[in-house]
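Undergrad: Generate coordinates for the sequence data below:
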Amino acid sequence: MPPVRASHAAPKEIQGRIQNVSQGGVCILSSQPLAVSTFVTCEIAMLDIPVSIPTLMQVRWTVKRGKEAHHYIHGLRFVAS
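TA: A predicted model of the protein is given here:
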């Protein structure tokens, strides 16, 4: 899920795993932190569906999880168009 970028910045792809999903957003686990308030484009993949679902989301919170390095949990909000 690359952050929405300014025209001069290269997109950065981050892999994450959905922990839970609700009507308002998702909670994901990743190995890298995401900046709060950042807009990200996400490709949500489901096991039984052959295509991923593109969506725009905003990072609402990020927390380092546990003592292990590179373990983060994030709250992302769906952005309505």
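
Undergrad: who's in contact with Ala45?
TA: Neighbour list for Ala45: 52-53 [criterion: Cβ atoms under 8 Å, 6 or more residues apart in numbering]. To be clear about C-beta, it is placed using only N, CA and C from the backbone, and glycine gets the same treatment.

Undergrad: Could you rerun that using 6 Å?
TA: Shown in contact with Ala45 (Cβ atoms under 6 Å, 6 or more residues apart in numbering): Ser52.

Undergrad: now do Ser30
TA: Contacts of Ser30 were listed using Cβ under 6 Å, 6+ apart, and they are 14, 16, 72.

Undergrad: With respect to Val63, which of these is nearest?
TA: Proximity of the contacts of Ser30 to Val63, judged by Cβ to Cβ, is greatest for Tyr72, which lies at 6.8 Å.

Undergrad: My guess is the closest one contacts Pro33. True?
TA: Yes - taking Cβ atoms under 6 Å as the contact criterion, Tyr72 and Pro33 are neighbours in contact, 5.1 Å apart.

Undergrad: Give me the more crowded residue out of these two.
TA: With neighbours defined as other Cβ atoms under 10 Å, Tyr72 and Pro33 compare such that Tyr72 has more, 18 against 14.

Undergrad: okay, the more buried one: pLDDT?
TA: Among the per-residue scores, Tyr72 holds a pLDDT of 93.

Undergrad: Show me the beta-bridge partners of it.
TA: Beta-bridge partners recorded for Tyr72 (DSSP bridges): Ser30, Lys64.

Undergrad: quick one: Cys27 and Gly66, what's the gap?
TA: Here the distance between Cys27 and Gly66 works out to 16 Å (Cβ to Cβ, to the nearest Å).

Undergrad: which one of those two has more residues nearby?
TA: The residue with more neighbours, out of Cys27 and Gly66 and counting by other Cβ under 10 Å, is Cys27; that gives 16 against 8.

Undergrad: give me the number of residues near Pro50?
TA: Applying the criterion other Cβ under 10 Å, we find 6 residues in the vicinity of Pro50.

Undergrad: again with Ser22
TA: The number of residues packed around Ser22, counting by other Cβ under 10 Å, is 9.

Undergrad: Which pLDDT does the model give it?
TA: Reading off the per-residue confidence, Ser22 sits at a pLDDT of 93.
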